[in-house]
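> no sequence on this one, just coordinates:
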């Protein structure tokens, strides 16, 4: 028997190249239950969609008596074309080019599904539950430094999709026109200058060139180098590791300076594993911001044009939410979309026959 | 005696570092009358405001019997802080740092005044009366290549101001981190790589280095070199002039590739005097776009993700409006602002006692 005041429920899916996470979420209670599965890339996209949908239906069965489904949100590796919900050569999902992720999920579930890039759901989480909420800002830009550099932008309280859902690809803005080649075909992208992968590549190059004896020693002692290894070496004073972080902060500063000049938002958030080394990145990052963005120099907290800005001026901060941001963002995506279209009846706030 | 159905009137002001232009404008008839004056920089900002306000009142006196004033729009050199309407070290208005342009005009006129940066009024004109109208797009980004590189962005039908009115400063995004020093303090800004000034500087550098014999000959024959001289030399086959335009197109392509990746808009417009040499700029420009923006490569007209995009895909085009864009944009600014705030009663659609 259904209760008189059923609570809202969403299902969020964090689709990664390695792992799948599916969670049932209530706006009042947070994550109620979650399921983790491997992403069976070798079995092809239809099999992965089957796995996702089975887990979604399993969670719905648990909560259908007590909750009303507001929608299902999916964060997917990009590039993702919207509103079609179709992938285009996603580097982290080989073999998925042209795959209609949204259509295949809707076909199986016959329930309201929304898909977004993983970077977009991450910024949505930071906006709703992290620094965006804390500083009470309605616009922010987030860079997620991981294997690549993800980017999501919220303007006036709404995810900025651009014309085909591909807005917010600042990870592929050019930082060094003659820099290393990126998977996207460009050279010198932010992604090849400031991701975790870029940090390790820089170390490997130095070791290969016979420089960086401390890092060569570190590598000889263990398994493959990671960004965390380099951070630890830097904190222990290794000059080459320090220099790698300094260069990463510099590249990030050049990119953020451009974004600040273009967008003039009150908040820029840096997330992902590399952001845990904020102490190592931030000195050179802020040096570049001061020099390369007169908008930053005028609007940073306490500067002449910062008065009245929400959050107290242009803020550049490490993310508040950790690796859960992607899953949380997928969970709140249906709620965001229904709020963003309040003027017309939302397709999401309906109780489906399937639930 | 007032007519029964008075027409709407706006007054637009194009405030430049050298010239002032003030026009009376009717949405139905276009520019009704305009006044041109020198900008008396040596007399200080208050004297210039007096000149502007005298001309505005002169035009209002001509039309007050037959028209209803919808507002006064001003396009000003930036950086301009909004909503304060205060200038911050504007390079083209020396001595105006901290000047409250909006407040001083309102004090004198006691009429509704709106101020915007000159690049913002230019993009507004291109949106309303130029390519934006022609292609029926609601979002576009414009770069104006002149003495500097101006930038204005319209998102979903509204000027993007950012938090303090300083959004749309893509002229100062970094293209070459170790490039020439810009007036803003950065090095390698788009402005020092792709403005008319940058073209001439590049030629002067080559001449100074004893390269570019054709350009040295051109310079010896005439007065100071201009971007037009270089375009003419390039069209006559001068290899150094061709290379300068090729490098300018390349820098512009790097900047536009970043903007396309970040914003994913259907239209990017290049205006200003340098855009007249589109034939010289565009080959290297589009080469960079294809290489440095996978969003462009996926969404250009006819590409896999261009379907359904307004305007038929990501379009990058020379501006349709010429040097009048700034004045026209100032004239339509009050109408844009009242349309953009239709949900609340507009402060602009009132008939003032002063008129």
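Good, I have the coordinates. On a predicted model such as this, the values are computed, not experimentally measured, just so you know.
> Can I take it that residue A:321 is in a strand?
No. Counting by DSSP: H, G, I helix; E, B strand; the rest coil, residue A:321 is not found in a strand; it is coil.
> which residue sits closest to it in space, ignoring its chain neighbours?
Leaving aside its chain neighbours, residue A:321 sits nearest to residue A:130 (4.5 Å; criterion: Cβ to Cβ, 6 or more residues apart in numbering or on different chains). To be clear about C-beta, it is placed using only N, CA and C from the backbone, and glycine gets the same treatment.
> show me what contacts that neighbour?
Residue A:130 sits next to A:269, A:319-321, A:325 when contact means Cβ atoms under 8 Å, 6 or more residues apart in numbering or on different chains.
> Regarding it, what are the backbone dihedral angles?
Per-residue torsions, residue A:130: phi -120, psi -130 (degrees, to the nearest 10).
> Output the contacting helices and strands for the helix or strand containing residue A:141.
Using DSSP states H and E, residue A:141 falls within strand A:140-145. If you count contacts as 3 or more Cβ pairs under 8 Å, 6 or more residues apart in numbering or on different chains; DSSP states H and E, strand A:140-145 packs onto helix A:118-129, strand A:149-155, helix A:190-194, helix A:239-263, strand A:267-271.
> So which of these is nearest chain B?
Using Cβ to the nearest Cβ as the measure, helix A:239-263 is the one of the helices and strands packed on strand A:140-145 that comes nearest chain B, at 3.8 Å.
> Now do the closest one against strand A:149-155, angle only.
Interaxial angle of helix A:239-263 relative to strand A:149-155 (axes from the mean of the first three to the mean of the last three Cα atoms, to 10 degrees): 30 degrees.
> any idea of the mean pLDDT in helix A:239-263?
Averaging pLDDT along helix A:239-263 gives 98.
> How are the helices of the stretch 251-355 of chain A distributed by residue range?
Under the criterion DSSP state H, counting those that start in this stretch, the stretch 251-355 of chain A contains helices at A:278-292, A:294-299, A:325-340.
> do the stretch 51-200 of chain A as well
Here the stretch 51-200 of chain A has its helices, by DSSP H, counting those that start in this stretch, at A:101-109, A:118-129, A:131-135, A:190-194, A:196-208.
> Quick check: residue A:121 touching residue A:336?
No. The criterion here is Cβ atoms under 8 Å, and residue A:121 misses it with residue A:336 at 9.3 Å.
> Reformat the helices of the stretch 51-200 of chain A as a markdown table; add mean neighbour count.
Formatted as a markdown table, the helices of the stretch 51-200 of chain A follow (neighbours: other Cβ atoms under 10 Å in any protein chain shown):
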| stretch | mean neighbour count |
| --- | --- |
| helix A:101-109 | 18 |
| helix A:118-129 | 28 |
| helix A:131-135 | 18 |
| helix A:190-194 | 29 |
| helix A:196-208 | 19 |
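> Adding distance to residue B:217 as columns, could you present the helices and strands packed on strand A:140-145 in JSON lines?
Listed next are these as JSON lines, based on distance: least, Cβ to Cβ, whole Å:
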{"stretch": "helix A:118-129", "distance to residue B:217": "53"}
{"stretch": "strand A:149-155", "distance to residue B:217": "48"}
{"stretch": "helix A:190-194", "distance to residue B:217": "42"}
{"stretch": "helix A:239-263", "distance to residue B:217": "39"}
{"stretch": "strand A:267-271", "distance to residue B:217": "50"}
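> okay, those in CSV with distance to chain B next?
Output for the helices and strands packed on strand A:140-145, formatted as CSV (distance: least, Cβ to the nearest Cβ, whole Å):
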stretch, distance to chain B
helix A:118-129, 12
strand A:149-155, 7
helix A:190-194, 9
helix A:239-263, 4
strand A:267-271, 9
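> To residue B:187, which of the ones you listed lies closest?
Residue B:187 lies closest to helix A:239-263 among the helices and strands packed on strand A:140-145, at 10.6 Å (Cβ to Cβ).
> Could you list the buried residues of that closest one?
Buried residues in helix A:239-263, counted by 16 or more other Cβ atoms under 10 Å in any protein chain shown: A:240-263.
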